[in-house]
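Novice: have a look; sequence and predicted model below, questions after that.
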There are 2 protein chains.
Amino acid sequence: MTTRTTATTPPAPSDEGGRTWTIAEVAEEFGVTHRTVRHYEALGLLSPERRGTTRVYHRRDRTRLGLVLRGRRLGFPLEEIRTIIDLYDAPRGRRSQLEYVLAQIDARRADLEQRRADLEAALTELDGFERRCREDLDRIG
Amino acid sequence: MTTRTTATTPPAPSDEGGRTWTIAEVAEEFGVTHRTVRHYEALGLLSPERRGTTRVYHRRDRTRLGLVLRGRRLGFPLEEIRTIIDLYDAPRGRRSQLEYVLAQIDARRADLEQRRADLEAALTELDGFERRCREDLDRIG
DNA sequence: AACGTTCTTGACGTTGACGTCAACGTAAAG
DNA sequence: CTTTACGTTGACGTCAACGTCAAGAACGTT
């Protein structure tokens, strides 16, 4: 649809749903630079397959990148984002592990709800401000 | 306006509306350091009165600091926060000014609603994850 | 007058999140 | 085979948001 089949097309498209991506493709797709993607890998946020020296990204990596960028939009530091998404992949076999994970979930939720409160307050204020501005505009005519 | 009521230390308490605060007091009250407060002033986020060389904070300054910190919790850069709260104090006399302000408001709202969407998505995922964890916990017994 | 507290202005250090070369490998295209 | 395009690893630069001294001023207390 958008781009033609490029030079470095996925090497072996013989498998069913296992499409892969290059670093340029994921960067382009998510609107970040390759440098950003590699930076996230250096921080342990991504760990793409290596085919020789070249990085090969799977759906799993794209999912994680999506989570990272959402966390970034929400203003979380990358270190914190890492602990969160690592939590999703954490082993949950033993009871102690599960209880730790559940505690972390509660902490995360508290944080998110604080943000939500701030967000609602900001939006409410913005609405009130807009109303006043429109009244001013009406007065002017 | 400067009724030389107060000394430089914790001022006269009986002053009803015009109470002022020192930098240490506002910092303490908002849970930041004096360095942070001065940094915000350097960026134009605050502009407290000066009595001689000493900063004197009024309710207005506390309000603004509150807005700044809420913006910070929401992950906005300080520069952007400045343009937003400056917007609240902007002159709205002429029609062109009002229309500019209203346009800015729309942009801000779009940004905030994007964040809200991210936030809701994150909370929803967190809920689902917690549910799965609790199921795991039940299975273990 | 000497002292301690709280305030002031620099000015340099630090951390996070990348940007920006440099120098090199590799694989398809001309 | 050379070019071209994309990939790789360092390593240093940058910008925001402060932290951390250093050195002095202003003022009440002793």
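Specialist: Received the coordinates, thanks. Numbering: from 1, shown residues only, chains lettered A, B, ... in the order given.

Novice: do you know how far A:E29 is from DNA strand C?
Specialist: According to CB to the nearest atom of the strand, to the nearest Å, A:E29 stands 16 Å off from DNA strand C. No exception for glycine: its C-beta is placed from N, CA and C like everyone else's.

Novice: hang on, I meant A:F30
Specialist: In terms of CB to the nearest atom of the strand, A:F30 sits 12 Å off from DNA strand C.

Novice: just A:E135 next, same as before
Specialist: From A:E135 to DNA strand C the distance is 38 Å (CB to the nearest atom of the strand).

Novice: and for that residue, the neighbour number?
Specialist: As a burial measure, A:E135 scores 10 neighbours (other CB atoms under 10 Å in any protein chain shown).

Novice: phi, psi for it please.
Specialist: phi -60, psi -40 (degrees, to the nearest 10).

Novice: domains of chain A?
Specialist: Domain assignment for chain A, taken from automatic domain parsing, gives A:1-89, A:92-141.

Novice: so can I have CSV of these showing mean pLDDT and distance to DNA strand D?
Specialist: Compiled in CSV, these are given as follows (pLDDT from 0 to 100; distance: least, CB to the nearest atom of the strand, whole Å):
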stretch, mean pLDDT, distance to DNA strand D
domain A:1-89, 86, 3
domain A:92-141, 95, 15
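
Novice: list just the one of these that sits closest to B:L45.
Specialist: domain A:92-141 (15.8 Å; CB to CB).

Novice: any bit of the closest one sitting next to chain B?
Specialist: Yes: using CB under 8 Å from any CB of the partner chain, domain A:92-141 reaches chain B at A:92, A:95, A:98-99, A:101-102, A:105, A:108-109, A:112-116, A:118-119, A:121-123, A:126, A:129-130, A:133-134, A:136-137, A:140.

Novice: thinking again about what came up before, next, format the domains of chain A as a markdown table and append distance to B:L45.
Specialist: Shown next, in a markdown table, are those (distance: least, CB to CB, whole Å):
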| stretch | distance to B:L45 |
| --- | --- |
| domain A:1-89 | 17 |
| domain A:92-141 | 16 |
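
Novice: next, the residue nearest to A:R70 when sequence neighbours are not counted: secondary structure please.
Specialist: Among residues not flanking A:R70 along the chain, B:D118 sits closest, at 5.0 Å (CB to CB, 6 or more residues apart in numbering or on different chains). Secondary structure, DSSP: H, G, I helix; E, B strand; the rest coil: B:D118 is helix.

Novice: quick one: contacts for B:D118?
Specialist: Applying CB atoms under 8 Å, 6 or more residues apart in numbering or on different chains to B:D118 gives the contacts A:70, A:73-74.

Novice: ok, of the residues you listed, which come out buried?
Specialist: For the contacts of B:D118, a burial check counting by 16 or more other CB atoms under 10 Å in any protein chain shown picks out A:70, A:74.

Novice: among the contacts of B:D118, which ones are in helices?
Specialist: Those of those mapping onto helices are A:70, A:73, per DSSP state H.

Novice: which one of the contacts of B:D118 is nearest DNA strand C?
Specialist: Using CB to the nearest atom of the strand, A:R73 comes nearest to DNA strand C of the contacts of B:D118, at 10.5 Å.

Novice: buried residues in stretch A:37-56, which are they?
Specialist: Of the residues in stretch A:37-56, A:37, A:40-41, A:45-46, A:48, A:55-56 count as buried by neighbour count, 16+ other CB under 10 Å.

Novice: near chain B at all, it?
Specialist: No: with CB under 8 Å from any CB as the criterion, chain B is not reached by stretch A:37-56; the gap is at least 15.8 Å.

Novice: alpha carbons only: can I get that stretch in PDB?
Specialist: The C-alpha coordinates for stretch A:37-56 follow below in PDB (Å, rounded to 0.1, in the frame of the first residue of the first chain):
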ATOM      1  CA  VAL A  37      15.300   1.700  19.500                       C
ATOM      2  CA  ARG A  38      18.900   0.800  20.200                       C
ATOM      3  CA  HIS A  39      18.900   2.900  23.300                       C
ATOM      4  CA  TYR A  40      15.900   1.000  24.600                       C
ATOM      5  CA  GLU A  41      17.700  -2.200  24.000                       C
ATOM      6  CA  ALA A  42      20.700  -1.000  25.900                       C
ATOM      7  CA  LEU A  43      18.400  -0.300  28.800                       C
ATOM      8  CA  GLY A  44      16.900  -3.800  28.600                       C
ATOM      9  CA  LEU A  45      13.600  -2.700  27.300                       C
ATOM     10  CA  LEU A  46      13.900  -4.700  24.200                       C
ATOM     11  CA  SER A  47      15.900  -7.800  23.300                       C
ATOM     12  CA  PRO A  48      15.400  -8.600  19.600                       C
ATOM     13  CA  GLU A  49      16.700 -11.800  18.100                       C
ATOM     14  CA  ARG A  50      20.200 -11.600  16.500                       C
ATOM     15  CA  ARG A  51      20.700 -13.100  13.100                       C
ATOM     16  CA  GLY A  52      24.500 -12.900  13.000                       C
ATOM     17  CA  THR A  53      25.100  -9.300  14.100                       C
ATOM     18  CA  THR A  54      21.800  -7.900  12.800                       C
ATOM     19  CA  ARG A  55      18.800  -7.300  14.900                       C
ATOM     20  CA  VAL A  56      15.600  -9.100  14.000                       C
END
